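Peer 1: 3D, please:
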Amino acid sequence: MELQENIRAGAEEIKERYALVMERIQAMKLEQTVSAPFYAYFQKTADFILEVAAYAEGVKKGQPERMTLEELQAQNRQLFGDLTGGSYERSYANPAEAVRLLGEGYGQLLSSVYTEIRGMIVWAAEQRYEDLTITAELFVELYNAFEGETPEVKNLQQMVYWHISDYCDVFIPDRIQEQLDPELSFAADIICESDLKDPRYLYRFGEYVGENELEVSRFLAKLSEKQIEAMASTFTEGYRMGFMAAGIDLSKKKTVNIRYSLGFERVVRAAIAQFGKMGLKSIIYREARHSLNRRAQGNPGYCSTAPDKQYVYDHREDMALYLDKKLMERRLSVLHSAYEQYRELAAVHAGPAVMEIFGEHPFLPKKCKEALKFSEKQQELNVSYNSQAGQLVNRYIPGDQRSFTIIAWPIPEIGEQFEEIFREVVKINNLDYHLYQRIQQTLIQALDQGASVRIKGAGANRTDLRVQLWQPEHPEKESIFENCVADVNIPVGEVFTSPKLTGTRGILHVSQVYLNELKYLDLELTFEDGRIKDYTCKNFPEEEENRSYIRNNVLFGHETLPMGEFAIGTNTTAYMVAKRYDIGAKLPILIAEKMGPHFAVGDTCYSWSEDNPVYNPDGKEIIARDNECSILRKTDVSKAYFNCHTDITIPYDELDYIRVELPDGTEISLIEGGRFVLPGTEELNRPFDEA
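Peer 2: Below you'll find the model as predicted:
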């Protein structure tokens, strides 16, 4: 009874604060107490906040359900108009434009705050008045500081700092609850209760809705229920098989997190039902909007395609505005308390089931010198936080007791042949895994004999790598490569290992690759004893900017990363589909990694679960689950994991050869001239010959 009274009292307090802050913002529209150039910023931002407030009121009254598609589209365009159709260049959300209009220091800070305020759209959709109120109150506090003499930037930074610090214990626990509690069912309710053949439902999420989202929804609406069920089954069965392969008891789990992109709700609805039959309730939370919860190395949750990717890129390190050691320690303390609060929900969480999309035009970011960026000290703090947060999560959701699955689908932006490509991808996702299992076992039998593997690029590709392999002590019952079929990683088609770092050396080069939604030109990594020694690319004219680009988005702030995985992709069918439709540059790493040898930098594929025995279909245990970094978990876990894993693939047409080097100095050829030559693997060349 007391708890309910406290909840009601809290709700009443937020209601009063919300009314007061919106009244204050309304009054600001009639004032001229702030001087130029800041007056225009506060007026425009106030207009936006009041527009969001009107949107929130409309949602409360059920207006979206009564609006026509055209009315909803107009409303969505209005809410996201600052970021679409080239408008970002002239928006306060653009740090360069904000600095031009407001000045150095002020521009970066107020652009970051404006970005935070843009998150109010989704909180309005979810009727989260506490988040709306807190954010509006920060805006008013900053506005008050500008009344009279212009404040110093450092004083404004302190306001933002204490705002973030004070509300850590709201933002972080709310985020953890979203990730673990199936009772927070905002998105799931829309998906399960809406008429998914009427695209108006898309506008209930509060996300940007563009042509990709609308066209995917309309395309899936034309498919039969049987087709939708089959697509979902590939996804959910892969998840179930992942638990079986890892020897983890799925029956002890109660929740699964589905991550997807808007437009795929029919498949998600079918997946929710199929997971339900496994005893799992589906949790569906959106990408984080508070800068405190956003992650530069990936922002998990459901989302739509970005209205402007440069906007997302420019604000990926907005925490630079306020991050220091004291705040990092507070974040960790609050994170620990949040997991302790939701420990029972964490204990029964099974892990993520991810539907990726691909087909967007490859994004080559522009350099924005005005964007906030971590200092060296902040970079170290961020790396340290991610490491400690990873350890904390593993304490409450142990890595050896969870699994995952990932599948990818194309979106209309891929081109006019979208529907045809979509159907080809459905076929790729459902290739005969028995055939691949047999062929891949042949590759593994050769690889298990090796001391190392030599990989050489062809033509302009400068790759020249020697990867050292672990040696099985009992080859009759042990293997060093995993025979990967379609379970956690869909589609089928790779054999992989955790290589021995000592002695692994050479150059990895790819002419063009798309990693973590960013494009790289002439990416080159140099390895010494399995760790990145040097790196470069040709995205920018200045070498310093190229190195910074890689350091921030591949190394994620680490000085170096180990080669956590070496694999050979076998999905030549996917490779030829990519060639036929000229979509190689648009494929996600999930498919691209199956189309040639690939090398992951960061953690191994077995991170946090190395002690779990894993077996190939032939019954042999895979012993290469650790490397010289991950084994440090037994003495100093902070040195064992890097909380990232980025796959880099060399396409077959850039490959000269892959040869297994035996201890006696002889070699076994697996691939020569981009074709499989090992006896028993010739079937993999058929797609090449049928082209």
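
Peer 1: Now the element after the host helix or strand of Ala230, going C-ward?
Peer 2: Following DSSP states H and E, one finds Ala230 within helix 225-246. Sequence order places strand 255-259 as the next helix or strand after helix 225-246, per DSSP H and E.

Peer 1: Moving along the chain from that following strand, name the first helix or strand you hit.
Peer 2: Downstream of strand 255-259 (by DSSP H and E), the next one is helix 265-277.

Peer 1: How far off centre is that following helix?
Peer 2: 21 Å (Cα atoms, centre = their mean, to the nearest Å).

Peer 1: Could you do stretch 574-591 as well?
Peer 2: Mean-position distance between stretch 574-591 and its chain equals 20 Å (Cα atoms, centre = their mean).

Peer 1: Okay, buried residues for the helix holding Ala230 please.
Peer 2: 227-232, 234-243, 245-246 (16 or more other Cβ atoms under 10 Å). From N, CA and C alone the C-beta is placed, and that goes for glycine too.

Peer 1: Contact partners for Ile658?
Peer 2: Shown in contact with Ile658 (Cβ atoms under 8 Å, 6 or more residues apart in numbering): Val453, Arg454, Ile455, Lys456, Ile568, Pro597, Ser669, Leu670, Ile671.

Peer 1: tell me which of those residues is nearest to Asn212?
Peer 2: Taking Cβ to Cβ as the measure, Asn212 lies nearest Pro597 of the contacts of Ile658, at 31.6 Å.

Peer 1: I'd guessed the closest one sits against Gly569; true?
Peer 2: Yes. Contact criterion Cβ atoms under 8 Å: Pro597 and Gly569 qualify, at 6.8 Å.

Peer 1: okay, and the common contacts of these two?
Peer 2: Joint contacts of Pro597 and Gly569 (Cβ under 8 Å, 6+ apart) are Thr649.

Peer 1: Report the spatially nearest residue to Gly459, omitting neighbours in sequence.
Peer 2: Nearest-residue entry for Gly459: Glu654, 7.0 Å, with adjacent residues in sequence omitted and distances by Cβ to Cβ, 6 or more residues apart in numbering.

Peer 1: okay, now the one you found: neighbour count?
Peer 2: 20 (other Cβ atoms under 10 Å).

Peer 1: show me what contacts the residue nearest the centre of the chain?
Peer 2: The chain has Gly298 as the residue nearest its centroid, 3.7 Å off, counting by Cα atoms, centre = their mean. Applying Cβ under 8 Å, 6+ apart, we find Gly298 in contact with Asn516.

Peer 1: doesn't it fall inside a helix?
Peer 2: No. Per DSSP: H, G, I helix; E, B strand; the rest coil, Gly298 lies outside any helix segment and is coil.

Peer 1: where's it relative to Ile623, distance?
Peer 2: 30 Å (Cβ to Cβ, to the nearest Å).

Peer 1: So which bits of the helix or strand in which Ala350 is found are buried?
Peer 2: Take DSSP H and E as the rule and Ala350 turns out to sit in strand 349-358. By neighbour count with 16+ other Cβ under 10 Å, strand 349-358 contains the buried residues His349, Ala350, Gly351, Pro352, Ala353, Val354, Met355, Ile357, Phe358.

Peer 1: Below-threshold pLDDT in the stretch 551-691 of the chain: ranges please.
Peer 2: Within the stretch 551-691 of the chain, the ranges that satisfy pLDDT under 70 run 691.

Peer 1: all helices in it, in order from the N-terminus.
Peer 2: Ranges of helices within the stretch 551-691 of the chain are 572-581, 589-592, 686-690, based on DSSP state H, counting those that start in this stretch.

Peer 1: do the same with the stretch 51-200 of the chain
Peer 2: Secondary structure of the stretch 51-200 of the chain (DSSP H, counting those that start in this stretch): helices located at 63-66, 69-79, 95-102, 106-118, 120-125, 129-146, 153-166, 168-180, 186-193.

Peer 1: Specify the angle between the fourth one and helix 95-102 in degrees.
Peer 2: Note on geometry: by axes from the mean of the first three to the mean of the last three Cα atoms, to 10 degrees, helix 106-118 and helix 95-102 are set 120 degrees apart in direction.

Peer 1: could you measure Leu392 against Ile248, distance?
Peer 2: On the measure of Cβ to Cβ, Leu392 and Ile248 end up 21 Å apart.

Peer 1: Over to Asp626?
Peer 2: Plainly put, Asp626 is 19 Å away from Ile248 if you go by Cβ to Cβ.

Peer 1: Thr68 now?
Peer 2: With Cβ to Cβ as the criterion, Thr68 and Ile248 are 48 Å apart.

Peer 1: quick one: Pro199 and Glu215 touch, right?
Peer 2: No. Taking Cβ under 8 Å as the definition, Pro199 is not a contact partner of Glu215, at 9.4 Å.

Peer 1: Neighbour count: the two, which is higher?
Peer 2: Neighbours around Pro199 and Glu215, counted as other Cβ under 10 Å, are more numerous at Pro199. The numbers are 22 against 17.

Peer 1: any weak-confidence spans in the stretch 251-400 of the chain?
Peer 2: In the stretch 251-400 of the chain, residues with pLDDT under 70: 297.

Peer 1: Okay, helices next: where are they in it?
Peer 2: Under DSSP H, counting those that start in this stretch, the stretch 251-400 of the chain gives helices at 265-277, 309-314, 325-341, 343-347, 376-396.

Peer 1: so which of those helices comes closest to Pro412?
Peer 2: Evaluated with Cβ to Cβ, the helices of the stretch 251-400 of the chain place helix 265-277 nearest to Pro412, the distance being 15.7 Å.

Peer 1: just checking, what packs against that closest one?
Peer 2: For helix 265-277, the elements it packs on are helix 186-193, helix 211-221, helix 225-246, strand 255-259, strand 281-283, strand 349-358, judged by 3 or more Cβ pairs under 8 Å, 6 or more residues apart in numbering; DSSP states H and E.

Peer 1: could you give the angle of the first one to helix 168-180?
Peer 2: Going back to what we said before, that points to helix 186-193. Using the same axes, to 10 degrees: helix 186-193 against helix 168-180 is 30 degrees.

Peer 1: now what about helix 186-193, what contacts it?
Peer 2: 126, 182, 201, 204-205, 265, 268-269, 272, 282-286, 302.

Peer 1: for it, the distance to its chain's centre please.
Peer 2: Chain-centre distance of helix 186-193: 22 Å, with Cα atoms, centre = their mean.

Peer 1: So Met22 sits against Val52, correct?
Peer 2: No. Checked against Cβ under 8 Å, the pair Met22 and Val52 is beyond contact range at 10.0 Å.

Peer 1: Tell me which of the two has more neighbours.
Peer 2: Neighbour tally, Met22 and Val52, criterion other Cβ under 10 Å: the higher count belongs to Val52, 24 against 19.

Peer 1: Brilliant, that's me finished.
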